[in-house]
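> sequence and computational prediction follow.
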Amino acid sequence: MKNLTLKAVKRDVLGKKTRFLRRQGITPTHLFGHNIRSLALQCDTAELGRIIARAGMSRLIDLQIEAEKQPRSVFIRKIQRDELGGQLLHIDFYQVRKEEKITAAIPIVLVGKAPALKGKGRILTQPITHLGIECLPEKLPPRIEIDLSPLEEVGQAIHVKDIVLSPDITVTIAPDQIVVKVSEVHIEREEIVEEAEAVEAKAEAAEGAETPTEEKPKE
């Protein structure tokens, strides 16, 4: 998969003054990494938004900094947005070395349909939404797809050990961890009886409150 490319410019505007950049359609960013000098940068907000939509936080990006001949290999490490309007406020990039392995949490995407879900009272549970892996940056997948079609019966599950990945990728979580499972919803009879009794008790209490009390005749 070809890396995405994003242009950046070194930034002189710092602190609270960065709000003026945002008004001009520019987002302040920051580049850091292991054994490298951190840099204050800025990117076009519209272009940055498109990159975020395609790359997320798990796809390698070629960051082309103005006046530098070679792009830097980076991941988006942190995205800061305005809580009210969702406006991009700041982005942190993390620079990697292509020859050094990195660890990352890759999003799990469920595809297909589980035949076991056709019956009534059945649900699909997903205890984990990301898979922890270790590999070289260029081998890092943007997502991991899990096919649900093998789940034909209630109680069946797909575990971490069932996921087929490239030999270059090492999974960093327990192989017996459940990724998805088809379960049946059980409603105990005792719970139904208790709920009915509670409703009946409330109704009787309300009825009692509405019944006027008999006053004694005055002597």
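Happy to help now that I have it.

> for D162, see how far away L117 is.
In this view, L117 and D162 are 18 Å apart by CB to CB, to the nearest Å. The C-beta positions use only the backbone N, C-alpha and C, and glycine is treated the same way.

> same check on Q64?
Separation of Q64 from D162 (CB to CB) stands at 40 Å.

> do V111 as well
Separation of V111 from D162 (CB to CB): 14 Å.

> looking at those two, which is more packed in?
Each of V111 and D162 has its neighbours counted (other CB atoms under 10 Å); D162 has more, 13 against 9.

> so who does that one touch?
Listed by CB atoms under 8 Å, 6 or more residues apart in numbering, the contact set of D162 reads V179.

> pop out the phi and psi values for it.
Here is the backbone geometry of D162 (degrees, to the nearest 10): phi -80, psi -10.

> again with L6
Main-chain dihedrals, L6, degrees, to the nearest 10: phi -130, psi 130.

> near the residue nearest to it when sequence neighbours are not counted, how many other residues are there?
Spatial nearest neighbour of L6, excluding adjacent residues (CB to CB, 6 or more residues apart in numbering): I51 at 5.0 Å. Using other CB under 10 Å, I51 has 19 other residues around it.

> thought I51 was touching A8?
No. Between I51 and A8 there is no contact under CB atoms under 8 Å: 10.8 Å.

> in this structure, which spans are strands?
For the chain, the strands defined by DSSP state E cover 4-10, 26-33, 39-44, 61-65, 72-81, 88-95, 102-111, 122-125, 130-135, 144-147, 157-159, 170-171, 178-184.

> got the domain boundaries for this structure?
The chain breaks down into these domains under automatic domain parsing: 4-95, 102-184.

> got these as TSV, with mean pLDDT columns?
Rendered in TSV, the data for the domains of the chain read as follows (pLDDT from 0 to 100):
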stretch	mean pLDDT
domain 4-95	92
domain 102-184	93
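
> buried sites along stretch 60-74?
By 16 or more other CB atoms under 10 Å, the buried positions in stretch 60-74 come out as 60-61, 63, 65, 71-74.

> ok, stretch 132-142 next?
For stretch 132-142, by 16+ other CB under 10 Å, it's 132-133, 135, 137, 139-142.

> then stretch 97-109?
Quick answer for stretch 97-109 (16+ other CB under 10 Å): 101-102, 104, 106, 108.

> and stretch 13-30, by the same measure?
Across stretch 13-30, burial judged by 16+ other CB under 10 Å covers 18, 22, 26-30.

> among those, which pair sits farthest apart?
Farthest-apart pair in the buried residues of stretch 13-30 is R22 and H30; separation 14.8 Å (CB to CB).

> now the end-to-end length of stretch 10-25.
16 Å (CA to CA, to the nearest Å).

> can you name the residues in contact with it?
With contact meaning CB under 8 Å, 6+ apart, stretch 10-25 is reached by 27-29, 39-42, 44-46, 65-67, 87-90.

> from the chain's centroid, how far away is that stretch?
What separates the centre of stretch 10-25 from the centre of its chain is 29 Å, taken as CA atoms, centre = their mean, to the nearest Å.

> do stretch 119-134 as well
13 Å.

> buried residues in it?
Buried residues in stretch 119-134, defined by neighbour count with 16+ other CB under 10 Å: 131-133.

> got it, and stretch 71-91?
71-76, 88, 91.
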